[in-house]
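# Pasting the sequence and the predicted model now:
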Amino acid sequence: CLLLAMLWHPPAAWAIQAHGGIEGVYAHQMAHLFFACSMGLLIYWLRKRRLVSMRGWRHIQYAALWFIFWNADAFLGHWLEELSGLLDYQRIGLMRISLSMAQGYEWVGPLYYLVKLDHLLCVPAMIFLFLGLRWLLRAPVSPGNGQGVP
């Protein structure tokens, strides 16, 4: 009955990550750095083991690179929005915000809007990840082709 009520009148699902207090922001920022470093390490090991010669692993390498770009973009966006003190934003409607930049930092406004388009980096990463995993799933398994679990 509760499930039907939630399906009939769902709560709002906003696409913006809200943080509870400054410690939430720091933990979230550290997660972006950890994820980016992990993707860099994945690229390193894929190249060191020469797995990128296979199409599936090469696509996964591209996904990792796009995820690094996405994490850098998201890190900058969170920093501008919550830590820099260079801009202040107010929600003035469902799909509207008002930005005010610190004196002499008016260039931060267009940069803020640009980094908020982070889906333009995340979606290609997910597409490459999907393509790589699909290729690996469909590839025939034979000894020495990098498919097996060590």
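Looks like it came in fine. Source: prediction; values computed, not measured. Numbers count the residues shown, from 1 in each chain.
# what residue ranges in the chain score low on pLDDT?
Residue ranges of the chain with pLDDT under 70: 1, 6, 10-21, 142-150.
# Just give me the longest helix of it.
Secondary structure of the chain per DSSP state H: the longest helix is helix 21-48.
# Buried residues in that one, which are they?
When neighbours are counted by 16 or more other CB atoms under 10 Å, the buried residues of helix 21-48 are found to be 25, 29, 32, 35-36, 39, 42-43, 46. From N, CA and C alone the C-beta is placed, and that goes for glycine too.
# try stretch 109-126
The neighbour-count check on stretch 109-126 (16+ other CB under 10 Å) flags 109, 111-112, 115, 118, 121-122, 124-125 as buried.
# now do stretch 100-111
So, applying 16+ other CB under 10 Å, buried residues of stretch 100-111: 101, 108-109, 111.
# Endpoint to endpoint, it covers what distance?
Counting by CA to CA, to the nearest Å, you get 13 Å between the two ends of stretch 100-111.
# Please enumerate residues in contact with it?
Residues outside stretch 100-111 that contact it (CB atoms under 8 Å, 6 or more residues apart in numbering) are 80, 84-89, 99.
# which residues sit against stretch 113-128?
So stretch 113-128 is contacted by 59-60, 62-64, 66-67, 69-70, 73-74, 76-77, 80 (CB under 8 Å, 6+ apart).
# and those residues, which of them are in helices?
Filtering those for helices - DSSP H - leaves 59-60, 62-64, 66-67, 69-70, 73-74, 76-77.
# List just the nearest of the residues you listed to Leu4.
Within the ones in helices among the contacts of stretch 113-128, proximity to Leu4 (CB to CB) peaks at Ala74, which comes in at 35.8 Å.
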